[in-house]
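>>> Kindly generate the corresponding structure for this input.
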Amino acid sequence: MNAAATRQALDFASIAFVVFVLVPSGAHLLEMPNKLALAPDDYMVVQRSYDGWWYVGLVIPPALFLVAAQVVLRWRDRAAFGAALASFACLAAAHAIFWMFTFPANQATPNWTAKPRDFERVRAQWEWSHGAGALLDLAAFAALLWAVVVEPGERRSHRAALYDLEWSASRDRTASARTAGPR
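I've put the predicted structure just below:
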């Protein structure tokens, strides 16, 4: 496998694994308003639908590893490096939020098999931590796409095109001012 094919495989795998992280967290975010409106007993029933979702967490370490590889691969291109690093930081922050807020809520409820005394606080902690994680996962995905899809030459050509447009507009204003003469 040549270097270009290896890079394409890494690009595909890193995007795929970040999507595998994003989809379930996005589902949590999208259902959050409806779940927060549920009565406590109904909420406890709905929470049982997450039985077995622990396996979703298995995609997080490979996603972090693949995005870290993107950071290393793109260190010479400042914009791509920054985007890959931002993607990694967002994934890591979402993972940290899970362990700091979501996991303790799961522990306080034995994985939502028992309603805690401070139900509203625990529910809010669980829901809002999932929501924050989902937004970070979305930001990680967007940053990774920027790092992977937009090549260095294309970024330079976009900047050059903007510069040419600015220069052309400036030249046109100067020329029209000269032809208009004094007023």
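
>>> Quick check: what element follows the helix or strand where Ile60 lies along the chain?
Take DSSP states H and E as the rule and Ile60 turns out to sit in helix 60-73. Under the assignment DSSP H and E, the closest C-terminal helix or strand after helix 60-73 is helix 78-97.

>>> just the CA coordinates of that following helix, formatted as CSV?
Extracted C-alpha coordinates of helix 78-97, given in CSV (Å, rounded to 0.1, in the frame of the first residue of the first chain):
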residue,chain,number,x,y,z
ARG,A,78,-0.9,24.5,10.2
ALA,A,79,-4.6,24.7,9.4
ALA,A,80,-5.1,21.0,9.0
PHE,A,81,-3.1,20.3,12.2
GLY,A,82,-5.2,22.8,14.1
ALA,A,83,-8.4,21.3,12.8
ALA,A,84,-7.3,17.8,13.7
LEU,A,85,-6.1,18.9,17.1
ALA,A,86,-9.4,20.6,17.7
SER,A,87,-11.2,17.4,16.7
PHE,A,88,-9.1,15.4,19.1
ALA,A,89,-9.7,17.9,21.9
CYS,A,90,-13.5,17.9,21.4
LEU,A,91,-13.6,14.1,21.4
ALA,A,92,-11.5,13.9,24.5
ALA,A,93,-13.6,16.6,26.2
ALA,A,94,-16.8,14.7,25.4
HIS,A,95,-15.3,11.5,26.8
ALA,A,96,-14.2,13.4,29.9
ILE,A,97,-17.7,14.8,30.4
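
>>> Go through it and flag the buried ones.
80-81, 83-95, 97 (16 or more other CB atoms under 10 Å). Every residue, glycine included, has its C-beta placed from N, CA and C.
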